[in-house]
Structure formats: C-alpha cells, structure tokens
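Colleague: Predicted structure and sequence below. I'll ask about it afterward.
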Amino acid sequence: MSAQVAVLADRDSSWLGRIFDFSDYSQLVPLVHNSIIAGAVLGVVAGLISVFVMMRDLPFAVHGISELSFAGAALALLLGVNVVIGSIAGSIIAALAIGALGIKARERNSIIGVLMPFGLGLGVLFLGLYNGRSANKFGLLTGQIVAIDTPQLSSLIIVSIIVVLALAVLWRPLSFASLDADVAAARGVPVRLLSPIFMLVLGLTVAMSVQIVGALLVLSIVCTPAAAAMRVTASPTVTVVLSLVFATGSVVGGIMLALGSSLPISPYITTISFCCYLACRLIGAMRERRGWTPAPRSTKELA
Amino acid sequence: MSVDGRPGGEQPVLRLRDGKMSFGDRTLWSGLDLDVRAGEFLAVLGANGSGKSTLLKAILGLRRLDRGSLAIAGQQPRRGSAMIGYIPQERRLAPPTPLRARDLVRLGMDGQRWGPGWGGRAKSERARTLLDSVGAAHLADKPVHLLSGGEQQRVRIAQALATDPRLLLCDEPLLSLDLNHQRAVVSLIQQRRRTHRTAVVFVTHEINPVLPYVDRVLYLADGRFRVGRVDEVMTSSSLSALYGSTVEVLRRGDRIIVVGVPDHPEHTHDVDERQADPL
C-alpha cells in the first residue's frame, strides 16, 4: 500500500489521468498479486451462481442479502473481530430468512424490501460507532479489493471451493426446480429442500463479494454476467461459459485497469460488466430479429 | 382393442382401495376404490378444490393418503418413479431461461439426479428421438421461453415420455390452448396409449376434447364422487345426485354440456365456445 501511495503522489492531476494512468504499471502489478487471484476466484464463483440468480429471479434478494452482510461486517469491525465471519453471518441470516419466509415471489420481495433498509441502517449505526480507519468503513460499501491480505485470500478460496462443489452437485436438479418446480417435484426432485440449500450457498457467495466489491455493487458480478449471457444464448453450457468469462473478466479486468489510478476499483468492475451486458443485448436483439434457431419455419413464426 | 373390458389376471397400473384424502378438516374424497388398467383412459373431472390435484399428488408419491392403500403397478407410490410420466398445464416460462426444448426433455430423463449432468451423447440422441416422436424435432434448439403454448405442451409430452412410463398423469394439459393445439395434444397422448398401452389419468374440467377416448370418468364434487363409464356418470340424474342440486347434462352430437353446476362458473360456458370468440 505505501508504495502505491508514493506513486500516487506525483500523479498527473487531470481527471482523465486519474482514471487511467499506466505509468509504473509493471511495478504495481506485484503489489496487487493477491487481489488479482482473489478477483479471479470471485469471478468464477459469481459467474456460476449468477446463472441461478437469474433463473430463480433473485437479483433483489441478492441486494437484500448484501445489505445484511454489510451490517454483519460492520458489526465485526466495531467489535474488532474477523470481518469475514461477520459478513458471512449477516449474509446467511438474511439468506435463510428470505428463503424461509418468502416462497412466492411477491411475498419474497416485500420481505426483502423490509429487511434491506433495516440491515443497511444497522450497518450505518455500527460504522458510526466505529472509530477506526475510515477507509475500512467506505470499503465495505464500495469495495476494498486492493487490501486483500493472505489470510483473507485463503478464507476466500476455501469458501469458493465449498460454493463451487455445492453448485456442481446441485446443478441439474436445481436447474429443473428453477425452470419448473411442479414437474421437478413430480420427477422426485426435493424442491422444498433445494431452496434453502441454494440460499445458503448464495449467502456465502454474497458475503465474499461484499468484502471485495462492496455491498452496493454485488449485483454487478452476481447478476449481470448471466443476465448478459442469457441474452445471446439458450444453451446451458454456453451460458455458463460466457457468464464465467464475463464475471472473471469484469473483476480481473477492473483490478488491472484501476491499478494505476487513485480511484476505487468498483467503478471499473461495474463498467466492464455493464458493457458486457450492453453488447450482449445488442447481439441478442439482432439474433432475435433474424430468428433464434436456424430452421426457416421458426424464423417465420418469430417475424 | 377393447380397453374398457377387464382382461382378467392382469395387474392394474393403478390400484386405489378405500382411499381417503382431506384438506384441513374438509374431506376431499373418501372410500374411493379405483383401478386403472394398462391402456385405459380415465378422465378425472370436478371443480377446483374437489381434490383432483391431490389425487395426482398421492399417485406421484408427494402426499400420503389419510386412509386406504394405493399401488402403482403393485408397488407403493414413490417420488420420482420412472413408471409415471407427468404432463402439467401450459404455463409461460420466464425469459431468463438458458434451456432449449431438448434440454427440457433431458431433464425429464435424469433431471432429478445430483451432479452437473454434462455430456452424454446417447442422452442427447434420445432427447431428439423423443422430440421427433411428438413431431417437435424442429423445436429442439428453440429456447423454451420462445415456445408457443401448443409447442410447449408437445415438448412436455416428450419430456413425460422420457422414462418410458406405464402411466401418464395429465394435469389439465389443455388449459389455455386453442382448439387445434388441444386436438394435437390429445391425439399424441392417444397415440402413445395405443402403441404402448400406457394408462392415462387425465385431469380436466372440460371433458369434450377427450370425449372420444375416455373409457371411464371419475367425477369429484363436494366430498363425494362417481366412477363409471361416460354414459353412466355424465347424466343429469347422476350429477344431480352428486351435487345435491339439479344439474342438467345435455348431449349435442359428440359433445356434452353440463348446465347448472353450483358455484362453478367454468362449467356454464364451454371451452369450445370461449375459443370461438375472437380475442
């Protein structure tokens, strides 16, 4: 960090120069080595889970969970305990509450609408009481990826492995249940059981994302990548691959771009992720106009 | 082929004895005896809340009977049995769905198993064969949310046939389909029944689209029921006794019109007539 601050001191002061500055780039990369690994790991996890966030119509739930995760992290900061544990605790409490109380979409949304400001309020309260470094406070809301230390990185990798393994096991029945709960139940999928399990996995992912991109920006990596991918393909495999590429590209790309600047990393991540979405919407619109499938019959039907 | 006759000695695909089911403290049906044999077509009629879906849930092993016994091909009902194919009613599938028609069919084959379920050329081939068998081969690569109602139901039949079932459970599969698509769906189900002697339990609130194929009717109303051939159950006297008020059953050519069912407006106007109205 101190090396970076020294570099920042003799920085071009125009605003464009503050957004993009690649002088001393090769010296800076080793400093954020941990962050880049963290970004890549998070990108993989977020890219995978975003497929289900979209299929199960949960973007709003993700936002709700991230606010409570923020509150948990803020409390941990205030009490001087591990922030990772605080944010995971908050996240899981929110995820289970939303999962248990809101089965139907409408009901779920109202519960999230009630929980979210409460969580955010608690977080603000805890931060208000906290007397430590103010960078810590702001980081929880808008991201602090540069400050990833080795123990934090290990906990991130461990949680990521848990999430990826859980998703691999759940993938097929969860797709089935997300698409069509009735038929899935008729075919023997334990639909009621899958819902809280998935919320738990989602809670873990959100908690990790909060520590890195910040509570307010979690959706940019846990929703946008799959939302973009689904615009251009209906193949389950291609959706997963694209979503992974978009999520990892946004996080790692964001870190690399932000490296030379004095600004937080989050705007770079959110902008790349948004650009992926825009591009996919454009391509998707063209594909839909041409007719989705190559068969001439369906082209006519769509037109 | 006389599917109505009772070939002796053959085990019924579905056997229900003294079945009772209630919802809260309301009895939906009780003392229900029912045998459905291979190749038989049973239509289940009755108003909303009369226990039609609950019967399906019991057959699928998702709900237990309050009393009585139920056997599917001689075995206890169990969740996800490959012997049963389930065709739900058409419903709009939300756009963010990264699945194509053939993926939907594949989920019918092994969607209940854990794991990502990638690969498997044989399974992809089988999905295509199934789609082909319902005349939907050209839809294989179409995203499910772009399927029309009729197309979706075709694909769902392929999905339901994925485990090569001995019993097809149809839960209002014609609802919100236009007349042509209703005919197409019914004839696909009929075709399967003819070629494989698959038994069909068909829940519907409108008997006319399936009337030519129905062997027997189970009519549920207000905690009571009637089982029998169409001309035994669908009569003024039988339905009046069932509802405890005057119900008139008119036969017009090859259609049955039920008039005067209390509190159930969907019976007062016929599906066919509704479709005749241009939207």
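Modeller: Great, that's in hand. Numbers count the residues shown, from 1 in each chain, chains lettered A, B, ... in the order given.
Colleague: Get me the contact residues on the stretch 101-250 of chain B for chain A.
Modeller: Proximity of the stretch 101-250 of chain B to chain A, by C-beta under 8 Å from any C-beta of the partner chain, involves residues B:103-104, B:107-108, B:110-118, B:138-139, B:141-144, B:146, B:148, B:156, B:159, B:169, B:171. Glycine gets a C-beta too; all of them are placed from N, C-alpha and C.
Colleague: and those, which of them are in helices?
Modeller: If you go by DSSP state H, those have B:D103, B:L104, B:L107, B:G108, B:D110, B:R156, B:Q159 in helices.
Colleague: Any idea how many residues pack against B:I157?
Modeller: If you count neighbours by other C-beta atoms under 10 Å in any protein chain shown, B:I157 ends up with 28.
Colleague: And it, how far from B:V201?
Modeller: Distance of B:I157 to B:V201, computed by C-beta to C-beta, to the nearest Å: 15 Å.
Colleague: Show me the shaky parts of chain A.
Modeller: By pLDDT under 70, the low-scoring segments of chain A are A:1-13, A:102-103, A:134-136, A:144-147, A:293-303.
Colleague: Drop anything exposed from the residues of the stretch 101-250 of chain B next to chain A.
Modeller: With neighbours counted by 16 or more other C-beta atoms under 10 Å in any protein chain shown, these contain buried members at B:103-104, B:107-108, B:110-112, B:117, B:138-139, B:141-144, B:146, B:156, B:159, B:169, B:171.
Colleague: Could you check the pLDDT of the most centrally placed residue in chain B?
Modeller: The residue lying closest to the centre of chain B (C-alpha atoms, centre = their mean) is B:C170, at 1.7 Å. Predicted confidence (pLDDT) for B:C170: 96.
Colleague: Now B:I84. Its backbone dihedrals?
Modeller: With angles defined as degrees, to the nearest 10, B:I84 sits at phi -110, psi 130.
Colleague: So it sits against B:D164, correct?
Modeller: No: taking contacts as C-beta atoms under 8 Å, B:I84 lies outside contact range of B:D164: 10.9 Å.
Colleague: Which of those two has more residues huddled nearby?
Modeller: B:I84 (28 against 12).
Colleague: What's the separation between that one and chain A?
Modeller: According to C-beta to the nearest C-beta, to the nearest Å, B:I84 and chain A sit 8 Å apart.
Colleague: hey, which helix is longest across the chain?
Modeller: With no chain named, the answer covers chain A. Max-length helix for chain A by DSSP H is helix A:150-179.
Colleague: try chain B instead
Modeller: helix B:179-196.
Colleague: How about residues contacting that helix?
Modeller: Here helix B:179-196 makes contact (C-beta atoms under 8 Å, 6 or more residues apart in numbering or on different chains) with B:1, B:39, B:41, B:87, B:134-135, B:149-150, B:153-154, B:157, B:161, B:164, B:168, B:170, B:173-174, B:177, B:198-200, B:202, B:209-210, B:213, B:272, B:275.
Colleague: now with 6 Å?
Modeller: Contact with helix B:179-196 is made by B:V134, B:G150, B:Q153, B:I157, B:P173, B:L174, B:T198, B:V200, B:P209, B:V210, B:Y213, B:Q275, as judged by C-beta atoms under 6 Å, 6 or more residues apart in numbering or on different chains.
Colleague: Chain neighbours aside, what residue packs nearest to the residue of chain A found nearest chain B?
Modeller: Across chain A, the shortest distance to chain B (C-beta to the nearest C-beta) belongs to A:G188, at 1.6 Å. Closest residue to A:G188 apart from its sequence neighbours, by C-beta to C-beta, 6 or more residues apart in numbering or on different chains: B:G80 at 1.6 Å.
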